[in-house]
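Student: Quick one, fold the following:
(2 chains)
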Amino acid sequence: MTRRILTGNQAVALGSLSAGVKVVTGYPGTPSTGCLTHLLAMDLPERHVEWSTNEKVAFEIAAGAAWAGHRAMCTTKMSGVNVAYDALISIAYSGTNGGLVIYVADDPGVSAGMAEQDSRGFARMSHLPMLEPATPAETYDLVRTAFELSEAVGSPVFLRLTTAVSLSHAVVEVDEPIPPREIEPILEKDVARYTKAGAAICQQQHRDLLERLERAGAWVYERKLNQLELAGEPGGLGIVASGAVRAYLPEVFQEFSTDAVSVLRAVTTIPFPWEETKRLLEHCGTVLVLEELEPYVERAVHVAAQRLGFDGPIVGKLDGTLSPIGEYGEAAVRRGLEVAMSSANAAGAEPSETVQQFDKLAAPRPITVCAGCPHRGTYLAIEAAIEKAGYAKDDVMVTGDIGCTILGMNPPFDLLWNEVSMGSSVGLAQGYVHAGLKTPVIATIGDSTFFHGGIPGLINAIQHRVPLTLVVMDNGWTAMTGMQVNPGTDEAFQERGRRIDLERAIRGLGVERLFVVDPYDLTETTNTLAECLKHSADVSVVLARRECAIQAARRGVRHGTTTVDPETCVLCKQCLRVTGCPALSLGESSIRIDSSLCNGCGLCVSFCPTVAIVNSPGTPRELTEEEPAAAGSSDTSKEKVE
Amino acid sequence: MTCDIVLVGVGGQGVLTIGELLLHAAFDAGAPASLTPTKGMAQRGGFVKVELRLGREGVGPRIGERSADLVVGTERSEALKGIRYAKPDGTFVLFDHVWAPTGVMLGSDAYPTLAQVTEAIRAAAGRLIVLEPADLPAVDGRTVRPNVYVLGAILGISSLRESLGPETVERVLANRWPAASKANVAAFRAGLRSVP
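Tutor: Numbers count the residues shown, from 1 in each chain, chains lettered A, B, ... in the order given. Down below sits the predicted model:
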């Protein structure tokens, strides 16, 4: 055992190694990304670890390996469970041979965007057990438990973390990794188990599925994963605390006289700890349920109460005490305890003291694309093309998608109208066309997102000859989540992978109007886009290609040297207003360019009315290995959440 | 000894690095610690928050409102977002760096004055220490790293000076950037001395 500082994500990674995992797959998504990133940074010759095209593919790969008898894991943020679910429900029906774990990170508080989706709903819907650790140390232990449970009952098992657990660093006792088991892969031909051919087969699988969850409940009960501590005289307060919120009980308990409070610390919502809940209800007169997001535990407590004839107060969300919105910390625990203890004492609770908020005094700080980002050129060109084609910006629908490309919704661009899910920009745009818009419709998407979920939408648009312009912003990386390799990434950075050239792929689908442009070339990109907007008979695709500025900068790539002549600059701020580039700031008497951030993309040059900004386009080059990169230390580079 | 610290600032200022250095110092000192960065989608130039909980085993990672022993703001405007965490008898360290967002530079958004920020902090926290970027020392003609200076000031808060020990932190610093040791030690000690 060694003590190490690990994030929850890293604890999942190392926990899986100590469980002898053979195959780990995933798709990047905050807050789950750090797990697979950690594994990919290690030398693991006996295992297969990969970023897959999307979460459904990732889960299917893991399931195949587990059906063949190995331990396998799939990692995803909550949105990815939606993508994988079609496969997941079928695989849940069939069960598994080797341990199969789905690590999902939920995001109460939405620190990483999208939705406050409570993935326990998916576990309930698919009747799959789900373990919910509260700290990185508990996470490490529960990964192994998840694999053991998976094999003990023959079921895939969810491991659910929430943002704070995934991203927090804490000291964890770590064991040595163990190698994957040395077995011949299982080849089991059993259509009754592995196909869905007919009602009889499916219903038998459904029966088996329910029976596996039943056995999982017994297994969890025997292992005492859900810990019940009964305290005090009968009739007192009992707390059911589920998931991450469990970790806040001790500090809040210090403020209350809690010697007589009974606690059920629930690691599983599915299977539900019926027996422990029953004993808690038999002992207590009031129950407080603490769980983030949906009241799944609380509803089950009501069911248990009804069965037992328990008629005391049940404090939680359903009575309005606590909110289904946001992350829970000690404040939620305190609020719950105040209300529950006052109902236990039959007195009214005072609401907690509110804190004066000064946040609104702070200057707005909307995030934008990095200095030198090629997307900046694409956004500016789309805006210019709309005007050039004779339309007003507010009359042209530009659909947005997931990833860095969505930053076009923020100032100074204010260009994108919506953000739905990976690939949705392409389908949404077609709907707007069919609705009869008189103005052109543009869809925007990044490269990884296009591979993930955009291709079916494009195929549909091609087949149905939908007149729209799809702009694929290809920067060669899955950038927003911290620079992961995707199918289009240059082969030099693919470990063993092959690069799929988007130009060939899109042309291969049958797109006749395909244009490849360099987003640093505003004139060409604008003209190309404007032509596309005038064309109203078929789908046009503009592939705007230029490597992510951050990744290029890490290798020392500079496209030129951009400077301001302080004599000529009149501080009209036009460059700043139009580009919003983070390398530009106000000096005393002229605009200043931060040379550590500027990569010489030159986009600001054309917007300077006094020609004070000059770009000497030195030969684009990459530093040799001996030369240190000028920028890109861990503090200044784009390192989003893991 | 337990100490809950909230650090707020702008991505690129090295706020997370301050947290990591303290975390490793705590680890080396054998003290339990939890560190949670919140960057959201913040790349360089976005709001960053770090929650650091020292001295408690198996603790929940988030620090509640009005319960941080120490709040550190490394940028004037973003410091406002740390005030809600300050304990009434806690300490607030403000490094008064001004990093104007584009909207402020263009004149379309307001930026708070130092007086507005210190007044708000004083209403919430027991003790306020303001550090001026102009006081950053130079080593060999180059201004030292502001985040290491702020780290020194954090260690200057009496309870941390005793529980973690400046020597532990200096060792962690030296391990992290062996080549910049001289400048970092100077920055760290200047920060340490800046706290009365």
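Student: Please enumerate the strands of the stretch 1-150 of chain A.
Tutor: With strands called from DSSP state E, counting those that start in this stretch, the stretch 1-150 of chain A shows them at A:2-7, A:23-26, A:48-51, A:72-77, A:100-106, A:130-131.
Student: These: which one's closest to chain B?
Tutor: Chain B sits nearest to strand A:2-7 of all the strands of the stretch 1-150 of chain A, at 5.6 Å, using CB to the nearest CB. In this view, the C-beta of every residue, glycine as well, is placed from N, C-alpha and C.
Student: Tell me the helices and strands packed up against that closest one.
Tutor: Strand A:2-7 sits against helix A:136-153, strand A:169-174, helix B:15-28, with contacts defined as 3 or more CB pairs under 8 Å, 6 or more residues apart in numbering or on different chains; DSSP states H and E.
Student: got those as a markdown table, with mean neighbour count, distance to A:Met409 and mean pLDDT columns?
Tutor: Supplementary listing: the helices and strands packed on strand A:2-7 in a markdown table, determined by neighbours: other CB atoms under 10 Å in any protein chain shown; distance: least, CB to CB, whole Å; pLDDT from 0 to 100:
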| stretch | mean neighbour count | distance to A:Met409 | mean pLDDT |
| --- | --- | --- | --- |
| helix A:136-153 | 23 | 34 | 98 |
| strand A:169-174 | 22 | 32 | 96 |
| helix B:15-28 | 23 | 26 | 95 |
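Student: Of all these, which one is nearest A:Pro273?
Tutor: The closest approach between A:Pro273 and any of the helices and strands packed on strand A:2-7, judged by CB to CB, belongs to helix A:136-153 at 14.2 Å.
Student: so which of the helices and strands packed on strand A:2-7 gets nearest A:Thr258?
Tutor: The closest approach between A:Thr258 and any of the helices and strands packed on strand A:2-7, judged by CB to CB, belongs to helix A:136-153 at 21.4 Å.
Student: ok and the closest one relative to strand A:72-77, angle-wise?
Tutor: 130 degrees (axes from the mean of the first three to the mean of the last three CA atoms, to 10 degrees).
Student: Now A:Val539. Nearest residue, chain neighbours left out?
Tutor: Nearest in space to A:Val539, with sequence neighbours left out and distances taken as CB to CB, 6 or more residues apart in numbering or on different chains, is A:Ala461 at 4.6 Å.
Student: Next, the contact list for the one you found, please.
Tutor: With contact set as CB atoms under 8 Å, 6 or more residues apart in numbering or on different chains, A:Ala461 has these partners: A:Val426, A:Ala429, A:Gln430, A:Leu468, A:Leu470, A:Val539.
Student: Report whether it is found in a helix, as I expect.
Tutor: Yes. Note on A:Ala461: a helix contains this position according to DSSP: H, G, I helix; E, B strand; the rest coil.
Student: do you know how far it is from B:Leu131?
Tutor: In this structure, A:Ala461 and B:Leu131 are 57 Å apart, going by CB to CB, to the nearest Å.
Student: if we can go back for a sec, any chance of the strands of the stretch 1-150 of chain A in TSV, plus mean pLDDT?
Tutor: As requested, those are arranged in TSV below (pLDDT from 0 to 100):
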stretch	mean pLDDT
strand A:2-7	96
strand A:23-26	98
strand A:48-51	98
strand A:72-77	98
strand A:100-106	98
strand A:130-131	98
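Student: Of these, which stretch is the most buried?
Tutor: Among the strands of the stretch 1-150 of chain A, judged by mean count of other CB atoms under 10 Å in any protein chain shown, the one packed with the most neighbours on average is strand A:72-77 (a mean of 32).
Student: Could you check how far A:Cys198 is from A:Val289?
Tutor: Cys isn't right for residue A:198; it's Gly. A:Gly198 sits 42 Å away from A:Val289, going by CB to CB.
Student: Which one of these two is surrounded by more residues?
Tutor: A:Val289 (30 against 11; other CB atoms under 10 Å in any protein chain shown).
Student: which helices and strands does the helix or strand containing that one pack with?
Tutor: Following DSSP states H and E, the helix or strand that holds A:Val289 is strand A:284-290. Using 3+ CB pairs under 8 Å, 6+ apart as the contact test, the elements touching strand A:284-290 are strand A:236-242, helix A:296-308, strand A:314-315, helix A:330-344.
Student: Export the second one to CSV, keeping only CA atoms.
Tutor: Written as CSV, here are the backbone C-alpha positions of helix A:296-308 (Å, rounded to 0.1, in the frame of the first residue of the first chain):
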residue,chain,number,x,y,z
TYR,A,296,-35.0,8.5,-5.9
VAL,A,297,-34.1,7.5,-2.3
GLU,A,298,-36.8,9.6,-0.8
ARG,A,299,-39.5,8.1,-2.9
ALA,A,300,-38.3,4.6,-1.9
VAL,A,301,-38.4,5.7,1.7
HIS,A,302,-42.0,6.7,1.3
VAL,A,303,-42.8,3.3,-0.2
ALA,A,304,-41.1,1.6,2.7
ALA,A,305,-42.9,3.9,5.2
GLN,A,306,-46.2,3.1,3.6
ARG,A,307,-45.6,-0.7,3.8
LEU,A,308,-44.6,-0.4,7.4
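Student: all strands of chain B, in order?
Tutor: If you assign secondary structure with DSSP state E, the strands in chain B sit at B:3-10, B:33-38, B:47-54, B:68-73, B:86-95, B:127-131, B:138-139, B:142-143.
Student: who touches the residue nearest to the spatial centre of chain B in this structure?
Tutor: Most central in chain B under CA atoms, centre = their mean is B:Val72, positioned 4.1 Å from the mean C-alpha point. With contact set as CB under 8 Å, 6+ apart, B:Val72 has these partners: B:Ile5, B:Val6, B:Leu7, B:Val8, B:Ile18, B:Gly82, B:Phe92, B:Val93, B:Leu94, B:Phe95, B:Val150, B:Ile154.
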